[in-house]
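Participant: for reference, the sequence and a predicted model appear below.
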Protein chains: 2
Amino acid sequence: MPHPLYLHLSKYVVVSESEFSDILNFFEKRKLSKKEIIMQAGTKCNSNYFVAQGCLHMYLVNENGNEQTVQFGIENWWITDFMAFQHQKTTDYFIQAVENSEILCIDSKKQEELFKKFPQVESYFRIIYQTAYGAAINRLKYIFTYSKEVIYYKFREQFPDFVARVPQYLVATYLGLTPEYLSQIKHKQQS
Amino acid sequence: MPHPLYLHLSKYVVVSESEFSDILNFFEKRKLSKKEIIMQAGTKCNSNYFVAQGCLHMYLVNENGNEQTVQFGIENWWITDFMAFQHQKTTDYFIQAVENSEILCIDSKKQEELFKKFPQVESYFRIIYQTAYGAAINRLKYIFTYSKEVIYYKFREQFPDFVARVPQYLVATYLGLTPEYLSQIKHKQQS
């Protein structure tokens, strides 16, 4: 079975199998247990993470002490604090495994070396980030346009497997709902 | 005076002046009058726009018939519906000049040719999109973490020139406030 990153790269750019073996050497492989934290708020963000298997989320702890998920990463997604990673700065976020997961990690220096040796990997990232940026703007569109109830229904309609897969309190905070509000919506729907 | 795009490219990648003359030929230059619309909801999104001078905004018309700004583009910013541009699809958004502006436009095919001839321009876009994606996530952080009042104060503190420059009803919708709410905040502050 080819590696998930090989399959994902091949969707966008041309990479031979032998090139991929070399590319893979730029990454550190890690297995994470459910709930394991790999990035801490207040520390320097120096890594970008590819989710080969499982699910991670990036969250902050808000002024009321509640966790607020801002990003999920499931299979084939990259997850990090991209702003802090870009500028090698301290992050305000945590990244935690939602499930037992397998990830690839790359630090900033290695990434530069990788792009130099395999420019097509940088092309791949250009496409990935362009799409992710567009998706983030669309997420804002939902938040600004629809009521919280409609946002939840539309999200569930678009990503039924995902909603069934992750804990509902995480889906709630990701959509800007309180978990209590999400319960109300679900209760209303059942009654 | 060097072209704004030359200066912006040179912040991130190496481009000689002679290469830049060639790069510039891939773009169409346009002068826009205030209020001019360059992208219409319901049409295919085939261009990416660099703001050389002035200010544009991307908005949608929500179910109540109100304009909702989701993105601004001032000098050195790229603006388009990146998701629709990536997949050559129909957009839900409008792009309009907020001020008299000068922009560079590039279509998807020309962009591919440009990246092939000048790979460093694709590197530049990888960095630009990575940063923009990170900024969009941080914008969500503000929306989810702070009250609407605090969001406005923080935004004004961070971008005082921008807030002074653009019409306040656009700032309001961009931050997820109603213009009425923004007036209340400002009135409260003055009294």
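Facilitator: That came in fine, so what should we check first? Residues are numbered from 1 along each chain as shown, chains lettered A, B, ... in the order given.
Participant: for beta bridges, what are the partners of the spatially most central residue of chain A?
Facilitator: By CA atoms, centre = their mean, chain A has its centre lying nearest to residue A:73, at 2.7 Å. With DSSP bridges as the criterion, residue A:73 is bridged to residue A:56.
Participant: so which bits of the helix ranked longest in chain A are buried?
Facilitator: With secondary structure taken from DSSP state H, chain A has its longest helix at helix A:119-145. Using 16 or more other CB atoms under 10 Å in any protein chain shown as the test for burial, helix A:119-145 gives A:120-134, A:136-141, A:143-145. Where C-beta positions appear, they are placed from N, C-alpha and C, glycine not excepted.
Participant: what comes up buried for the helix or strand bottoming out on mean pLDDT in chain A?
Facilitator: Within chain A, no helix or strand scores below helix A:179-190, which has a mean of 77 by mean pLDDT, DSSP states H and E. Under the neighbour-count criterion of 16+ other CB under 10 Å, helix A:179-190 has A:182, A:185 buried.
Participant: can I get the helix or strand following the longest helix of chain A in CSV, CA atoms only?
Facilitator: For helix A:119-145, the following helix or strand on the C-terminal side (DSSP states H and E) is helix A:148-158. C-alpha atoms of helix A:148-158 as CSV (Å, rounded to 0.1, in the frame of the first residue of the first chain):
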residue,chain,number,x,y,z
LYS,A,148,-25.8,28.8,14.5
GLU,A,149,-28.4,26.2,14.0
VAL,A,150,-28.2,26.3,10.2
ILE,A,151,-24.4,26.3,10.4
TYR,A,152,-24.5,23.0,12.3
TYR,A,153,-27.0,21.4,9.9
LYS,A,154,-25.0,22.5,6.8
PHE,A,155,-21.8,21.2,8.3
ARG,A,156,-23.3,17.9,9.2
GLU,A,157,-24.8,17.6,5.7
GLN,A,158,-21.4,18.4,4.1
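Participant: give the other helices and strands that helix A:148-158 contacts.
Facilitator: Packed against helix A:148-158 by the contact rule (3 or more CB pairs under 8 Å, 6 or more residues apart in numbering or on different chains; DSSP states H and E) you find helix A:119-145, helix A:179-190.
Participant: residues of chain A that sit close to chain B?
Facilitator: For chain A, the residues in contact with chain B (CB under 8 Å from any CB of the partner chain) are A:58, A:60, A:62-63, A:68, A:70-71, A:81-86, A:92, A:115, A:119, A:122-123, A:125-127, A:129-141, A:143-145, A:173, A:176.
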